[in-house]
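Quick one, fold the following:
(3 chains)
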Amino acid sequence: MSENKKLNLLVFSGDYDKALAALILANGAKEIGMDVTIFFAFWGLLIARDPDKVSKRKKNIFEKMFGFCTPKGVESLSLSKMNMGGMGQKMLRKMMKDKDKPLLIHFLQGARKKDIKFYGCKLSQEVMGFDKEELIPELEIIEVYEYLKDAMESEIQLFI
Amino acid sequence: MSENKKLNLLVFSGDYDKALAALILANGAKEIGMDVTIFFAFWGLLIARDPDKVSKRKKNIFEKMFGFCTPKGVESLSLSKMNMGGMGQKMLRKMMKDKDKPLLIHFLQGARKKDIKFYGCKLSQEVMGFDKEELIPELEIIEVYEYLKDAMESEIQLFI
Amino acid sequence: MSENKKLNLLVFSGDYDKALAALILANGAKEIGMDVTIFFAFWGLLIARDPDKVSKRKKNIFEKMFGFCTPKGVESLSLSKMNMGGMGQKMLRKMMKDKDKPLLIHFLQGARKKDIKFYGCKLSQEVMGFDKEELIPELEIIEVYEYLKDAMESEIQLFI
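Have a look, this model is predicted:
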């Protein structure tokens, strides 16, 4: 077992701004030599959708109403507040671009290259009707017990 | 003092989906032998209302406006997003039933049978005007200091 | 290095109720001898604005739309739910005053007198266009790496 310090994130939210916070933390932790695991649950699974599969997905009426049709991937997620029908989100992304900051998609791509461990919550996946194939391939579906075991061995655990 | 690993949850939210996350974690932790404490604060106190007392409660104008009249108990809490006037919440519950998953009320009942320690925040209780009698009987009202002492001895602490 | 137990808060939210929770925890922890650091990120930076500078700030169209014009300081922040255009927030404050409880501004002032360490997230500050001068003077701007180092040495870490 690794002797590195560990960061464990339970990402419950599917909001653009909170996803950004989670992935900035994850990338930053990896850069200073920590081991990082992210457990995506509930709305958080929206962040872990495979961008190559997003548009092909057939949606039922529930999924449509829950806003699961995000054709452009994570860059089309909403803000947790001040979203204003997407205008607030667009504005934030413009402010980030103007300051030459990476966007959520870049932090996610960075995380995927950095040997960060991605987990998805089995119960959430089943309830929400995501197929394993729709989620990024390196994501492993686990139960809450495995999340807890990983979390209890981590120096930092956050619920985002 | 117990040598078990400990999970400590500060449940601030009174949303159906976040309450679900908290209680799934609490039940799961107990099932793998952890000690679990839940500290309900602010909106979280809505989850800890005694279902047998809910309908008898007289409400003042503030409590009414804060949505404290939840005649059906926890199953009538709102979603943190996509609630759509309750329709989103109904849909989620339908999706859970269709997949034979327990609902929030069942996870709460499970937790109450599992020797999980329930705490309520004294300040929140006073400000929001809940009587001790309206909350589930096994809930103990404590101050923030006691929460902190419990949290610092826990392997996992989450703010939900 | 201090041998005190440590509380580390990552305050992402700029909501009145969540800020209240964070500052009650911070003050309480300090009162029982813990070391406390608060890392304000994203919306959380709204809590760390210098009340003496708030009204002088010139705002651009983005900042206006993001609701960054809070002329009365932290006491004019919104609730995370039931805000109802500010009416819910006013009601909560009235309920707190009626019960002789301190308001957010008092908990913030208390924290500022208690040798709590305030950090601000560099990336958030740059993206959102806050000048260092607009934030409370004791706040130190740091990168995510420094937050992580502080958090991993803390007994309790929460994302609020």
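
which residues in chain A form helices?
Applying DSSP state H to chain A gives helices spanning A:16-31, A:61-65, A:87-98, A:104-113, A:122-128, A:144-152.

Mind listing what's buried along the first one?
Same thing as helix A:16-31. Residues A:16-30 are the ones in helix A:16-31 that count as buried (16 or more other CB atoms under 10 Å in any protein chain shown). Just so you know, the C-beta spots here come from the backbone N, C-alpha and C atoms, and that holds for glycine as well.

for residue A:103, what are its contacts?
A:75, A:93, A:96, A:97 (CB atoms under 8 Å, 6 or more residues apart in numbering or on different chains).

which of those residues has the most neighbours?
With neighbours taken as other CB atoms under 10 Å in any protein chain shown, the top of these is residue A:96, carrying 19 neighbours.

export the helices of chain A to JSON lines and tack on distance to chain C?
Shown next, in JSON lines, are the helices of chain A (distance: least, CB to the nearest CB, whole Å):
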{"stretch": "helix A:16-31", "distance to chain C": "4"}
{"stretch": "helix A:61-65", "distance to chain C": "20"}
{"stretch": "helix A:87-98", "distance to chain C": "5"}
{"stretch": "helix A:104-113", "distance to chain C": "11"}
{"stretch": "helix A:122-128", "distance to chain C": "19"}
{"stretch": "helix A:144-152", "distance to chain C": "12"}
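
Comparing those by mean pLDDT, which bottoms out?
Note on the helices of chain A: helix A:61-65 shows the lowest mean pLDDT, a mean of 68.

Point to the residue nearest the middle of chain A.
residue A:47 (3.6 Å; CA atoms, centre = their mean).

surely it meets residue A:73?
No: when contacts are counted by CB atoms under 8 Å, residue A:47 is not listed as touching residue A:73 (9.4 Å).

so residue A:120 sits right up against residue A:46, yeah?
No: the criterion here is CB under 8 Å, and residue A:120 misses it with residue A:46 at 11.1 Å.

higher neighbour count, these two?
The neighbour count for residue A:120 versus residue A:46, taken as other CB under 10 Å, is higher for residue A:46 (24 against 21).

before we move on, the earlier item: quick one: the residue nearest to the centre of chain A from chain B, how far?
With distances taken as CB to the nearest CB, to the nearest Å, residue A:47 is found 14 Å from chain B.

Could you check how far the residue lying closest to that residue once chain neighbours are set aside is from residue A:25?
Computed as CB to CB, 6 or more residues apart in numbering or on different chains, the closest residue to residue A:47 that is not its neighbour in sequence is residue A:19, at 4.9 Å. Residue A:19 sits 11 Å away from residue A:25, going by CB to CB, to the nearest Å.

what's the answer for residue A:49, then?
From residue A:49 to residue A:25 the distance is 20 Å (CB to CB).

Equivalent analysis for residue A:81, please.
20 Å.

Repeat that for residue A:106.
From residue A:106 to residue A:25 the distance is 15 Å (CB to CB).

What count of nearby residues applies to the closest residue in space to residue A:73 that isn't next to it in sequence?
Closest residue to residue A:73 apart from its sequence neighbours, by CB to CB, 6+ apart: residue A:51 at 4.3 Å. By other CB under 10 Å, the residues close to residue A:51 number 15.

Pretty sure residue A:75 is one of the things residue A:51 touches, is it not?
No: with contact defined as CB under 8 Å, residue A:51 does not reach residue A:75; the gap is 9.4 Å.

What's the local residue count around residue A:153?
Count around residue A:153 with other CB under 10 Å applied: 17.

again, but for residue A:82
19.

And the pLDDT at it?
83.

Apart from its neighbours in sequence, what residue is nearest it?
In space, residue A:82 is closest to residue A:88, 4.1 Å off (CB to CB, 6+ apart).

Same question for residue A:81.
residue C:43 (6.9 Å).

quick one: that neighbour and chain B, what's the gap?
From residue C:43 to chain B the distance is 15 Å (CB to the nearest CB).

Isn't that residue up against residue C:18?
No: look at residue C:43 against residue C:18 with CB under 8 Å: they stay out of range, at 9.2 Å.

Report pLDDT for residue A:129.
Note on residue A:129: pLDDT of 83.

unless I'm mixing things up, it is touching residue B:94, no?
No: counting by CB under 8 Å, residue A:129 sits too far from residue B:94 to count as a contact (11.8 Å).

out of those two, which sits in the more crowded spot?
residue A:129 (16 against 11).

Just read off the phi/psi values of the more buried one.
Dihedral pair for residue A:129: phi 70, psi 30, per degrees, to the nearest 10.

And it, how close does it get to residue B:99?
8 Å.

try residue A:102
For residue A:102, the distance to residue B:99 - CB to CB - is 37 Å.

Those two - which one has more neighbours?
Set side by side, residue A:102 and residue B:99 show more neighbours around residue A:102, with 17 against 12, by other CB under 10 Å.

and that one, what is it in contact with?
A:96, A:110.

Looking at per-residue confidence, what score does it get?
On the pLDDT scale, residue A:102 gets 97.

interface residues of chain A facing chain B?
A:10, A:12, A:14-15, A:41-43, A:62, A:65-67, A:123, A:126-129, A:143-145, A:147-149, A:151-152, A:157-159 (CB under 8 Å from any CB of the partner chain).

Select only the buried ones of those residues in PyMOL?
Remark: buried members of those, expressed as a PyMOL selection using 16+ other CB under 10 Å:
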select buried, chain A and resi 10+12+14+15+41+42+43+62+66+67+123+127+128+129+144+147+148+151+152+157+158+159
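
okay, now residue A:86: neighbour count?
12.

Run through the residues that contact it.
Contact partners of residue A:86, counting by CB under 8 Å, 6+ apart, are residue A:78.

Am I right that residue A:135 is in contact with residue A:44?
No: Residue A:135 is beyond contact range of residue A:44, at 11.1 Å (criterion: CB under 8 Å).

any shared contact partners between those two?
By CB under 8 Å, 6+ apart, no residue touches both residue A:135 and residue A:44.

between these two, who's got more neighbours?
residue A:44 (25 against 21).

And that one, how far from residue B:80?
12 Å.

Kindly report the same for residue A:79.
According to CB to CB, residue A:79 stands 14 Å off from residue B:80.

before we move on, what about residue A:130?
According to CB to CB, residue A:130 and residue B:80 sit 19 Å apart.

cool, residue A:109 as well?
Counting by CB to CB - residue A:109 and residue B:80 are separated by 27 Å.

Residue A:6 now?
Distance from residue A:6 to residue B:80, by CB to CB: 27 Å.

Looking at the two, which has the bigger crowd around it?
residue B:80 (22 against 19).
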